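>>> structural data only, the sequence is not supplied:
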Ligand code: IDP
Ligand code: MG
């Protein structure tokens, strides 16, 4: 099975949206295999967003991500990265489709509630930044036999 990294950002945590995010991913059929609530240290914020270090919005992005605790997760399922990105929706919540997390729950590109890895390669990189292998668990969901053909 494929894995992806997902993070409820500080606005989502402060707004009480952790449960809503988990519910949507659980009901889709993805399996939660790691989770942690924490304030991200500067070093991991820089690693997480390294492709954006030179962007004009980076200082505000960094301030936003460091403004409070984030809820970090690893989710497992077939094509997990692509499936979760579709559930998350477009980066700008004003343009994100209804039915997506950002389309339903956010207003501003600078407060868009959630992060999700954009490819399997990003997922592997981001999971390794935040979770040691020992924190990722193995178990069966009882509905696994009916979720997949
Ligand atoms: P993504 O989160 O949909 O993958 P990216 O382009 O990778 O979007 O940008 C990472 C994060 O940086 C976004 O989720 C958002 O929080 C922030 N961001 C991106 N573009 C802008 C912008 O133009 N203004 C403010 N924040 C931005
Ligand atoms: Mg991105």
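Received, thanks. Since the structure is predicted, the reported quantities are computational estimates derived from the model, not experimental observations. Ligands and ions are numbered 1, 2, ... in the order given.

>>> centre of the chain versus the helix or strand hosting residue 23, how much separation?
Per DSSP states H and E: residue 23 is located in helix 18-28. Relative to its chain's centre, helix 18-28 lies at 11 Å (CA atoms, centre = their mean, to the nearest Å).

>>> which element follows it toward the C-terminus?
strand 31-38.

>>> just give the nearest non-adjacent residue to residue 22, would you?
residue 32 (6.9 Å; CB to CB, 6 or more residues apart in numbering). Bear in mind the C-beta positions are built from the backbone N, C-alpha and C, glycine included.

>>> same thing with residue 143?
Of all residues not flanking residue 143 in the chain, residue 29 sits nearest, at 7.3 Å (CB to CB, 6+ apart).

>>> please list the residues of the protein that sit near ligand 1.
With CB under 6 Å from any ligand atom as the criterion, the chain comes near ligand 1 at residues 52, 57, 61, 91, 109-110, 112, 115, 118.

>>> mind running it again at 8 Å?
Taking CB under 8 Å from any ligand atom as the contact definition, the chain meets ligand 1 at 9, 49, 51-52, 55-57, 60-61, 64-65, 85, 88, 90-92, 109-112, 114-116, 118.

>>> in helices, which of those residues appear?
Of the residues of the chain next to ligand 1, the ones assigned to helices by DSSP state H are 60-61, 64-65, 85, 88.

>>> got the phi and psi for residue 39?
Backbone geometry at residue 39, expressed as degrees, to the nearest 10, gives phi -80, psi 120.

>>> dump the residue contacts of it.
For residue 39, the contact set (CB atoms under 8 Å, 6 or more residues apart in numbering) comprises 66, 68-70.

>>> and the gap between whatever residue of the chain ends up closest to ligand 1 and residue 109?
Going by CB to the nearest ligand atom, ligand 1 is nearest to residue 91 of the chain, at 3.4 Å. Separation of residue 91 from residue 109 (CB to CB, to the nearest Å): 6 Å.
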